[in-house]
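Participant: got a predicted structure plus its sequence, pasted below:
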Amino acid sequence: MRILLGFLVLSCLALPVMATPVQLENIRVWAAPDNTRIVFDVSGPVTHSLEALAHPYRVVVDIRNARLNKDPVQPGAVDKYLQGIRSGMINQDDLRVVLDLKQHVVSKSFLLPPNQQYGHRLVIDLFDEAKNEQVQAVSINRSPGTSRDVVIAIDAGHGGDDPGARGPSGVHEKDVVLQISKVIADMINKERGMRAVLIREGDYFLSLRQRINKAREHKADLFISVHADAFKDPRVSGSSVYILSNKGASSEAARILAEGENASDLIGGVSLDINDDVLASVLLDLSQTASLEASIDVADRVFTALKKIGKVHTRRVQSAGFAVLKSPDIPSILIETAYISNPAEEKNLRNRDHQYKQAEAILSGLRGYFIEHTPEGTTLALAERKHVISRGDTLSTIAQYYRVSMQSLREHNGLKGDHIRVGQILAIPGGGDG
């Protein structure tokens, strides 16, 4: 009897052990203007293969020893690349997912380990071959002899499978900052001589590198990154304004915040590698003295304006190593509009009136900056500017500041001499004439 039992045990051990199939729990689709991302939420690590086929265009994804729990989600009509998703079993064990396409695309796939927000994920990106993620260098030269609007890039933080911080009622940072960014952009577009560009227009993921490059593509004069902070203590509140620091954060809170925002690329499956050619050029000695000085000026004005409409978290503008601000040729600031982890501020962030109030404050800071520091060749530079005489002003210092001659300043204002008085308003001739 013992011999028989022993034989049965050994026989059972010799049988092949079938691995439990991996469950494909959900499929999420994020359609951006330049790419579509398909995220498979899976119960564990998977082995997969990817094959692109034509006639018709499609991408076939085979996942070893996997099961799909429910019918796949279908893409929206606005998706430029993805027509539909279908699935079926092959070899009785493996799952095949077919991505039917609207056009030829470049595809890539990668696996992501679990993080605080998601479990294991298989990510597939589809994009136009001409818009490969390897960012092409963009010339920032302007067309000579033509006036243009001042261009302000408004970058709503996070997006897609990177929701950012979450409020106590479940509101996601990515949603409220996009709403606020659109309000800011609308207000800017109503200003004469100014034009806003939304870096992220919908709910999709953009790497930090892509955000910088999109601002460059639009030849932005200023880059504004919009966020909503969070902290473990729900009582913490107030808005903040940040500029780039390469020497260290101005506070421990600033350092922690920057580390969290920079990690957004890891959530989206992109490694923010300093050896990357684009960031290498971006970080190139950061000969951005002029750009950083401009960033400080803009940040101070926006911070002062925000202070007038509500509570601010700090007494002054903060600095930290935000990767999204590391463009040497574009002045850049980051605005933490509020603490989404604070119940009252989370409610304000969703309130349209409060969004308008914050947008107006931000615009007033921008307006003040560009009136005094108007980029050459812009409509604002050609428009007549005003200067209110303050104590200590002289006709000579005013002419030097606006880069016009004293003679043109006299003639434009009907002055017979150099005498001016405090409170007097001078019209500044458009365009520098030496």
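Facilitator: In hand now; what should we look at?
Participant: going by C-alpha atoms from here, please, whenever you check contacts or count neighbours.
Facilitator: Fine.
Participant: in the sheet, who's paired with the closest residue to residue 215 other than its chain neighbours?
Facilitator: Of all residues not flanking residue 215 in the chain, residue 153 sits nearest, at 5.9 Å (C-alpha to C-alpha, 6 or more residues apart in numbering). Per DSSP bridges, the residues bridged to residue 153 are residue 197, residue 223.
Participant: ok, residue 153 to residue 201 distance?
Facilitator: 12 Å (C-alpha to C-alpha, to the nearest Å).
Participant: which of the two has more residues huddled nearby?
Facilitator: Neighbour count, other C-alpha atoms under 10 Å: between residue 153 and residue 201, residue 153 has more, with 28 against 17.
Participant: how is this structure partitioned into domains?
Facilitator: Following automatic domain parsing, one finds the domains of the chain at 22-131, 152-372, 384-428.
Participant: rewinding a little: tell me the contacts of the residue nearest to residue 215?
Facilitator: Neighbouring residues of residue 153 by C-alpha atoms under 8 Å, 6 or more residues apart in numbering: 196-199, 215, 220-224.
Participant: likewise residue 221?
Facilitator: Counting by C-alpha under 8 Å, 6+ apart, residue 221 has contacts 150-153, 330-331, 375.
Participant: in space, what's closest to it - neighbours in sequence excluded?
Facilitator: residue 151 (5.3 Å).
Participant: then residue 163?
Facilitator: That would be residue 174: by C-alpha to C-alpha, 6+ apart, it lies 5.2 Å from residue 163.
Participant: what comes into contact with the helix or strand encompassing the one you found?
Facilitator: Assigned by DSSP states H and E, residue 174 belongs to helix 173-189. Contacts to helix 173-189, defined as C-alpha under 8 Å, 6+ apart, come from residues 154-159, 162-167, 194-198, 200-203, 226-228, 340, 349-350, 355-356, 359-360, 362-363.
Participant: show me what counts as buried in that helix.
Facilitator: 173-185, 187-189 (16 or more other C-alpha atoms under 10 Å).
Participant: what segments of the stretch 151-300 of the chain are strands?
Facilitator: Taking DSSP state E, counting those that start in this stretch as the criterion, the stretch 151-300 of the chain carries its strands at 194-198, 222-229, 240-244.
Participant: next, the angle helix 173-189 makes with the second one.
Facilitator: Right, the one you point to is strand 222-229. Using axes from the mean of the first three to the mean of the last three C-alpha atoms, to 10 degrees, the direction of strand 222-229 lies 140 degrees away from that of helix 173-189.
Participant: name the residues that touch strand 222-229?
Facilitator: 151-157, 165, 173-174, 177, 181, 215, 257, 324-325, 330-341.
Participant: among those residues, name the ones in helices.
Facilitator: In helices, judged by DSSP state H, the following of these are found: 173-174, 177, 181, 215, 257.
Participant: next, give me the two most distant ones among those residues.
Facilitator: 215 and 257 (22.6 Å; C-alpha to C-alpha).
Participant: give me the residue ranges of the protein where confidence is low.
Facilitator: For the chain, applying pLDDT under 70 flags the ranges 1-18, 130-146, 246-290, 383-384, 430-434.
Participant: can you pull out the helices in it?
Facilitator: Ranges of helices within the chain are 2-14, 173-189, 208-217, 252-262, 264-267, 277-283, 289-309, 343-350, 352-372, 379-382, 395-402, 406-413, based on DSSP H.
Participant: with just CA atoms, put the second one into CSV.
Facilitator: Only the C-alpha atoms of helix 173-189 are listed here, as CSV (Å, rounded to 0.1, in the frame of the first residue of the first chain):
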residue,chain,number,x,y,z
GLU,A,173,-5.5,67.1,-10.6
LYS,A,174,-5.3,66.4,-14.3
ASP,A,175,-8.9,67.4,-14.8
VAL,A,176,-9.1,70.6,-12.8
VAL,A,177,-5.8,72.0,-14.1
LEU,A,178,-7.0,71.4,-17.7
GLN,A,179,-10.1,73.4,-16.9
ILE,A,180,-8.1,76.2,-15.4
SER,A,181,-5.6,76.2,-18.2
LYS,A,182,-8.4,76.6,-20.8
VAL,A,183,-9.8,79.6,-18.9
ILE,A,184,-6.4,81.2,-18.8
ALA,A,185,-5.9,80.6,-22.5
ASP,A,186,-9.3,82.0,-23.4
MET,A,187,-8.5,85.2,-21.4
ILE,A,188,-5.1,85.6,-23.0
ASN,A,189,-6.6,85.2,-26.5
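Participant: sorry, back to before: quick one: the residue nearest to residue 215 and residue 368, what's the gap?
Facilitator: 17 Å.
Participant: could you do residue 306 as well?
Facilitator: 14 Å.
Participant: got it, and residue 241?
Facilitator: 16 Å.
Participant: correct me, but residue 172 touches residue 161?
Facilitator: No - at 11.2 Å, residue 172 does not count as touching residue 161 under the criterion of C-alpha atoms under 8 Å.
Participant: list the buried residues in stretch 211-231.
Facilitator: Under 16+ other C-alpha under 10 Å, the buried positions of stretch 211-231 are 211-216, 218-230.
Participant: correct me, but residue 343 touches residue 168?
Facilitator: Yes - between residue 343 and residue 168 there is a contact at 6.3 Å, judged by C-alpha under 8 Å.
Participant: the stretch 1-150 of the chain: strands as residue ranges?
Facilitator: Using DSSP E, counting those that start in this stretch, strands in the stretch 1-150 of the chain cover 22-31, 35-42, 48-53, 58-63, 66-68, 82-90, 94-101, 106-112, 120-127, 150-156.
Participant: could I get those as TSV with distance to residue 409?
Facilitator: What follows is the strands of the stretch 1-150 of the chain, written out as TSV (distance: least, C-alpha to C-alpha, whole Å):
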stretch	distance to residue 409
strand 22-31	54
strand 35-42	52
strand 48-53	67
strand 58-63	67
strand 66-68	75
strand 82-90	60
strand 94-101	63
strand 106-112	59
strand 120-127	55
strand 150-156	25
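Participant: out of the ones you listed, deepest packed?
Facilitator: Comparing those by mean neighbour count (mean count of other C-alpha atoms under 10 Å), strand 150-156 ranks first with a mean of 25.
Participant: C-alpha coordinates for it, CSV please?
Facilitator: Taking Å, rounded to 0.1, in the frame of the first residue of the first chain, the C-alpha atoms of strand 150-156 are listed here in CSV:
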residue,chain,number,x,y,z
VAL,A,150,3.3,87.3,-28.0
VAL,A,151,2.9,83.5,-27.6
ILE,A,152,2.3,82.0,-24.2
ALA,A,153,2.3,78.2,-23.8
ILE,A,154,-0.1,77.0,-21.1
ASP,A,155,0.7,73.5,-19.9
ALA,A,156,-1.9,71.6,-17.9
